[in-house]
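Chemist: Provided below are the primary sequence and the corresponding predicted coordinates.
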Amino acid sequence: MFSFSDNVKEIVKKIPKGKTMSYGEVARKAGNKNGARAVGAIMKANRNPQIPCHRVIRSDGSPGGFNRGTKKKIELLKSEGVRM
DNA sequence: CGTATGACGTGCA
DNA sequence: GTGCACGCCATAC
């Protein structure tokens, strides 16, 4: 029995390196296509280093937010080859 | 249990 | 292209 939050965590953990997923995409795969906000809420509530939440960005390509600093998130993505 | 808030998404001006 | 407003879901108080 996987809750939406657990599902989202699994999805984000499955994101390959050098790739990014929008909150809406993750929410849709988790079961709630309209749960983009919920995904963000779960991410900030869940501080798991196993979860590359920095690979999750907004659908517009904006970085969104990050517990360690949004700027750091951009740096990580750029370091992985994810640029816009 | 009900209200308020937030790491979103889409639409319109 | 930028900015504002409305709607959705989950969590916190």
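Modeler: Thanks, I have the structure now.

Chemist: what's the nearest residue to residue A:40 if we skip its chain neighbours?
Modeler: The spatial neighbour of residue A:40 that comes closest, neighbours along the chain excluded (Cβ to Cβ, 6 or more residues apart in numbering), is residue A:23 at 5.7 Å. Every residue, glycine included, has its C-beta placed from N, CA and C.

Chemist: any idea how far the one you found lies from residue A:1?
Modeler: Taken as Cβ to Cβ, to the nearest Å, the spacing of residue A:23 relative to residue A:1 amounts to 23 Å.

Chemist: neighbour count winner among these two?
Modeler: Here residue A:23 and residue A:1 are compared on neighbour count by other Cβ atoms under 10 Å; more neighbours surround residue A:23, at 23 against 3.

Chemist: can you pull the pLDDT of residue A:83?
Modeler: Per-residue confidence (pLDDT) for residue A:83: 75.

Chemist: Likewise for residue A:49?
Modeler: Residue A:49 is assigned 85 on the pLDDT scale.

Chemist: distance of it from DNA strand C?
Modeler: Taking Cβ to the nearest atom of the strand, to the nearest Å as the measure, residue A:49 falls 18 Å from DNA strand C.
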